[in-house]
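[1] Mind folding the following:
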Amino acid sequence: MDFTIQGRDAKSSARAGLITTDHGVIETPIFMPVGTAGTVKAVHQRELRDDIKAQIILGNTYHLYLRPGLDILEEVGGLHKFNGWTSPILTDSGGYQVYSLSAKRKLNEEGVTFQSHIDGSRHHFTPEKVIDIQRKIGADIIMAFDECTPYPCDYKYAEKSIKLTHQWLKRCMGRLAETEPLYGFTQSLFPIVQGSTYNDLRKLSAETIANAGADGNAIGGLSVGEPHEMMYEITSLVCSILPDNKPRYLMGVGTPANIIESIALGVDMFDCVMPTRNGRNGMLFTSRGIINIRNEKWKMDFSPIDEDGLVFVDAQYSKAYLRHLFVAKEMLGSMIASIHNLGFYLWLVKEARNRIIDGSFSHWKNEITPRLMQRL
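    Take a look at the predicted model:
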């Protein structure tokens, strides 16, 4: 994997770059649609490619391990062959499930035992096994196994947790070095900075991750309930320590405003379920603010979804029509909303990239951010 920086903003830490993988080039800053189980919910691959202009999507190690299972993925030649996506893929390691499935797992220094949310069966994940699983899934970018701590989290637990995450990273890198990719293309490992909301722990973790010499680095354990200003403070601190010549990935973030603010702090890569999950529930993100399409106020509004002319679906649907689909519980409503939201997120990071390159990013950021946050 190769990363080159093509432009920088003079008034912030924002930068525009290119990540080159064996499955294609990714223009940064970039948003990555989440396809947990090998699919971005309610969206076809054609729409991801042609309408949304996605350059990379995510899969999840834990969920793909359980279903469809590694035997199927290995037999077909990996996730790219299985789901027909020919561009880059990133897989999370299952570390987030250590946090989100805390009631269904047991954690120790060796690894984590999960109780399947599907059938109750038990599965033991170690750092070595997580690398083996991700080899079989075949993503271009794979994540180190870590513990994502909750918020709030007491200092002693957070300190113990980063030590575990760093120990697991050494084991992940060891296993990566002694194994080979299975499908003829390179896989790059990204370590993950943890440390909860404690600046000294974040600094220690960022320094440890920076010294690992990986192809890229990630910031985890944020967007789990902490105030946004705290998230920005930690992101700024960590970005100031992580290598400038490697891509930085802020995991699980976030709203459009979160993304713009974090780009200004030096982040290159983002993912979040918000565009699709909120879209399926009738929340749309537009260049003028946030719309709850179920509200009565849109019943007779025949204006387009985005009044600044941003269209990411194959027709210029009106707010009234989309509201009708949601009220009538028609599946098409969730599909249109998901495609629109993902398209908007990809437009937003593309526009940020263009503004960084032409030198107008900071002015544009100050102008658009308040609009992105308002409820229409």
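[2] can you map out the helices along the stretch 201-350 of the chain?
    228-241, 256-264, 274-280, 319-327, 331-358 (DSSP state H, counting those that start in this stretch).
[3] State the mean pLDDT of the last one.
    Confidence for helix 331-358, expressed as mean pLDDT, is 98.
[4] before we move on, what about the shortest one?
    Per-region confidence: helix 274-280 scores 97 on mean pLDDT.
[5] send the alpha carbons of stretch 120-131 over as CSV?
    Output of stretch 120-131 as CSV, limited to C-alpha atoms (Å, rounded to 0.1, in the frame of the first residue of the first chain):
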residue,chain,number,x,y,z
GLY,A,120,-25.6,-18.9,21.2
SER,A,121,-22.5,-20.9,20.2
ARG,A,122,-19.1,-19.8,21.7
HIS,A,123,-16.1,-18.7,19.6
HIS,A,124,-12.7,-17.8,20.9
PHE,A,125,-10.9,-14.9,19.2
THR,A,126,-7.2,-14.3,19.7
PRO,A,127,-5.0,-11.8,17.9
GLU,A,128,-3.5,-14.6,15.8
LYS,A,129,-6.9,-16.0,14.9
VAL,A,130,-8.2,-12.5,13.9
ILE,A,131,-5.3,-12.2,11.4
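[6] List the buried residues for it?
    For stretch 120-131, burial by neighbour count (16 or more other Cβ atoms under 10 Å) applies to Phe125, Thr126, Pro127, Glu128, Lys129, Val130, Ile131. (Each C-beta comes from the backbone N, C-alpha and C, glycine too.)
[7] Among those, which are located in strands?
    Assigned to strands by DSSP state E, the following of the buried residues of stretch 120-131 qualify: Phe125.
[8] Name the nearest residue to the residue nearest the centre of the chain, ignoring sequence neighbours.
    Centre of the chain computed as the mean C-alpha position; nearest residue by Cα atoms, centre = their mean is Asp271, 1.8 Å away. Residue nearest to Asp271 in three dimensions, not counting chain neighbours: Met32, with 4.3 Å by Cβ to Cβ, 6 or more residues apart in numbering.
[9] what's that neighbour in contact with, if anything?
    Ala54, Ile56, Ile57, Leu58, Leu90, Met269, Phe270, Asp271 (Cβ atoms under 8 Å, 6 or more residues apart in numbering).
[10] any chance of those residues in CSV, with pLDDT and distance to Asp119 too?
    Listed next are these as CSV, based on pLDDT from 0 to 100; distance: Cβ to Cβ, whole Å:
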residue, pLDDT, distance to Asp119
Ala54, 98, 32
Ile56, 98, 31
Ile57, 98, 27
Leu58, 97, 24
Leu90, 98, 27
Met269, 98, 34
Phe270, 98, 33
Asp271, 97, 28
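[11] And the pLDDT at the residue nearest to Asp271?
    On pLDDT, Met32 comes in at 98.
[12] One more: Ser100?
    Per-residue confidence at Ser100 stands at 66 (pLDDT).
[13] Okay, now the unreliable bits of this structure?
    Filtered on pLDDT under 70, the chain yields the residue ranges 98-100, 102.
[14] Tell me the buried residues within the contacts of Met32.
    For the contacts of Met32, buried by 16+ other Cβ under 10 Å: Ala54, Ile56, Ile57, Leu58, Leu90, Met269, Phe270, Asp271.
[15] thought the last one was touching Val34?
    Yes. Under the criterion of Cβ atoms under 8 Å, Asp271 lies in contact with Val34, with a separation of 5.5 Å.
[16] Now list whatever residues contact both of those two.
    Leu58.
[17] count of neighbours near Met230?
    Using other Cβ atoms under 10 Å, Met230 is surrounded by 12 other residues.
[18] and the closest residue to it other than its chain neighbours, how far is that from Gly221?
    Nearest residue to Met230, sequence neighbours excluded (Cβ to Cβ, 6+ apart): Thr197, at 5.7 Å. Noted for Thr197: a distance of 9 Å to Gly221, by Cβ to Cβ, to the nearest Å.
[19] ok, now how distant is the residue nearest to Asp271 from Lys156?
    Here the criterion is Cβ to Cβ. By it, Met32 lies 34 Å from Lys156.
[20] now Ala218
    For Ala218 relative to Lys156 (Cβ to Cβ), the value is 24 Å.
[21] With Gly7 instead?
    Distance from Gly7 to Lys156, counting by Cβ to Cβ: 43 Å.
[22] ok, these two, which is more surrounded?
    Gly7 (16 against 8).
[23] Assumed that one was part of a strand.
    Yes. Counting by DSSP: H, G, I helix; E, B strand; the rest coil, Gly7 is located in a strand.
[24] who are the neighbours in contact with it?
    So Gly7 contacts Arg15, Ala16, Ile356, Ile357 (Cβ under 8 Å, 6+ apart).
[25] let's go with 6 Å and repeat that
    For Gly7, the contacting residues are Ala16, Ile356, Ile357, by Cβ atoms under 6 Å, 6 or more residues apart in numbering.
[26] top of the residues you listed by neighbour count?
    Neighbour max across these (other Cβ under 10 Å) = Ile356, 28 neighbours.
[27] is it true that it touches Ala14?
    Yes. The pair Ile356 / Ala14 is scored as a contact, 5.1 Å apart, by Cβ atoms under 6 Å.
[28] still on that earlier bit, when Thr197 and Gly221 are compared, which one has more neighbours?
    Between Thr197 and Gly221, counted using other Cβ under 10 Å, Gly221 has the larger neighbour count: 32 against 21.
[29] shouldn't that one be in contact with Asp146?
    No. Gly221 is beyond contact range of Asp146, at 8.3 Å (criterion: Cβ under 6 Å).
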